[in-house]
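Undergrad: fold the following and give me the result.
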Amino acid sequence: LTNPGHYVDLEVAHGVSRIATAESSAPVASTVIARADRADLERLSDLKGKRLAIVGTTAFGGFQVAWRELAALGIDPARDLTLVSKGLPMTRVIDAVLGSEVDAGVVRGCLIEQRQAEGALAPGALRVLSQMPQGPAACRISSRIYPDWPFAKARHTPAALSKKVATALLSSEPPPGVAGWTVPVDYQPVHDLFRELMIGPYAALRQVSL
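TA: Okay, here's the model as predicted:
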């Protein structure tokens, strides 16, 4: 059970395959945030030359998803930004933004709303850059939405065991507010992201030869 980016890596490198996909109310997306008093930061294009807090360069929702949106604007994070890796927990990114250690930060979709509901973040303290109109009503996001986390089996896992686990997942009825399971969805959007950025399974595309 892992995030969609790591799953695609395992799929290509080790032949794992998904048997179910999580079904939750939180979208798999990135939210790019800045302090509300930073009037100079409203869009992703405003980040050029700024300091950006991320979980790490291999984090899916904590960087790579936002990286794709930046690349679409012609912004290369390694060249045009100063990346500051904060690691986990992801709330360190929020702290770095609020403390003005960085200009902006990347967090997963719905984390801001979750922290506000917990009383750990004051409403209106942060601004979301380039908010996507198609995001869920309760969450503000800055990127496209990707398939949710998959439950995957290894290449050597017996088919009978895989069937039992898949049946158990799909027939489970989680309590309200807890993620459930649905049939495996298409993870091509994750492949598209990696191919465009030439990372993960497509890192070889950066190597130009005769």
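Undergrad: helix, strand or coil for the residue sitting nearest the centre point of the chain?
TA: In the chain, the C-alpha closest to the average C-alpha coordinate belongs to residue 61, at a distance of 1.5 Å (C-alpha atoms, centre = their mean). Judged by DSSP: H, G, I helix; E, B strand; the rest coil, the three-state class of residue 61 is helix.
Undergrad: dihedrals phi and psi, the residue lying closest to it once chain neighbours are set aside?
TA: Nearest-residue entry for residue 61: residue 108, 3.8 Å, with adjacent residues in sequence omitted and distances by C-beta to C-beta, 6 or more residues apart in numbering. Every C-beta, even on glycine, is put in place using the N, C-alpha and C of the backbone. Phi and psi for residue 108, reported as degrees, to the nearest 10, are phi -70, psi 160.
Undergrad: show me where the chain has its strands.
TA: For the chain, strands defined by DSSP state E occupy the ranges 17-23, 30-35, 51-54, 82-85, 104-108, 126-128, 150-153, 180-182.
Undergrad: could you dump those strands to a markdown table with distance to residue 7, mean pLDDT and mean neighbour count?
TA: A markdown table is the format used below for the strands of the chain (distance: least, C-beta to C-beta, whole Å; pLDDT from 0 to 100; neighbours: other C-beta atoms under 10 Å):
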| stretch | distance to residue 7 | mean pLDDT | mean neighbour count |
| --- | --- | --- | --- |
| strand 17-23 | 7 | 97 | 19 |
| strand 30-35 | 17 | 98 | 26 |
| strand 51-54 | 20 | 98 | 24 |
| strand 82-85 | 22 | 98 | 15 |
| strand 104-108 | 16 | 98 | 28 |
| strand 126-128 | 27 | 97 | 20 |
| strand 150-153 | 5 | 98 | 21 |
| strand 180-182 | 15 | 96 | 16 |
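Undergrad: tabulate those strands (JSON lines), appending distance to residue 95.
TA: Below are the strands of the chain laid out as JSON lines (distance: least, C-beta to C-beta, whole Å):
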{"stretch": "strand 17-23", "distance to residue 95": "27"}
{"stretch": "strand 30-35", "distance to residue 95": "11"}
{"stretch": "strand 51-54", "distance to residue 95": "9"}
{"stretch": "strand 82-85", "distance to residue 95": "12"}
{"stretch": "strand 104-108", "distance to residue 95": "9"}
{"stretch": "strand 126-128", "distance to residue 95": "12"}
{"stretch": "strand 150-153", "distance to residue 95": "30"}
{"stretch": "strand 180-182", "distance to residue 95": "32"}
